[in-house]
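*Asks:* Coordinates only, no sequence provided:
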């Protein structure tokens, strides 16, 4: 049993001429829902479900990070664009995955946001490769 799901660990073993690929899911791959790419705005509930967090965390991070500023209608309902979700993804990556404090995440975003964005793009591409390997494994198991 692997205790650290954040690590991108996979091992390949050969047994009796069969190729067995063991791939351990990360938390990102276990996240609840995927966002509909055709939509222009997303509700707070949809964003919270996608990142598997409470809506109160999103509201709190809005207060802490002024760059996270969703559109609000007259009733005060928040609607997030893809740019807002990208900002939230960056904050989530720094705080929840990398373990930075909120102050540390603010400093990193102020100084070196492009480096963090590159790290996130690299992680996302590795996740796509992982999902491809999972689908390949399921095809081989059939």
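*Replies:* Structure's in. What do you need? Since we're looking at a predicted model, the values are computed, not measured. Numbering: from 1, shown residues only.

*Asks:* Would you indicate which residues of the longest helix anywhere in the chain are buried?
*Replies:* Selection of the longest helix in the chain by residue count, based on DSSP state H, yields helix 102-141. Buried residues in helix 102-141, defined by neighbour count with 16 or more other CB atoms under 10 Å: 105, 106, 108, 109, 116, 119, 120, 130. Where you see a C-beta, it was placed from the backbone N, CA and C, and this is true even at glycine.

*Asks:* What is the nearest of the residues you listed to residue 42?
*Replies:* residue 120 (18.4 Å; CB to CB).

*Asks:* Now the two most distant members of the buried residues of helix 102-141.
*Replies:* Once CB to CB is applied, these give 106 and 130 as the farthest pair, at 30.3 Å.

*Asks:* Now for the protein, the helix or strand with the poorest mean pLDDT.
*Replies:* strand 10-15 (a mean of 39; mean pLDDT, DSSP states H and E).

*Asks:* Buried residues in the strand or helix carrying residue 57, which are they?
*Replies:* In this structure, residue 57 is located in helix 55-64 according to DSSP states H and E. Within helix 55-64, the residues that count as buried by 16+ other CB under 10 Å are 58, 61, 62.

*Asks:* what's downstream of it, the next helix or strand?
*Replies:* Counting by DSSP H and E, what follows helix 55-64 is strand 71-72.

*Asks:* now that following strand, how far from the chain's geometric center?
*Replies:* 23 Å (CA atoms, centre = their mean, to the nearest Å).

*Asks:* Neighbouring strands of that strand in the sheet, and parallel or not?
*Replies:* Partner strands and pairing direction for strand 71-72 (DSSP bridges) are strand 78-80 (antiparallel).

*Asks:* what's the pLDDT at residue 27?
*Replies:* Model confidence at residue 27, given as pLDDT, is 51.

*Asks:* hmm, I was thinking of residue 112
*Replies:* pLDDT, read off for residue 112, is 83.

*Asks:* With residue 118 as the reference, measure out to it.
*Replies:* 10 Å (CB to CB, to the nearest Å).

*Asks:* relative orientation of the longest helix of the chain and helix 55-64 in degrees?
*Replies:* 140 degrees (axes from the mean of the first three to the mean of the last three CA atoms, to 10 degrees).
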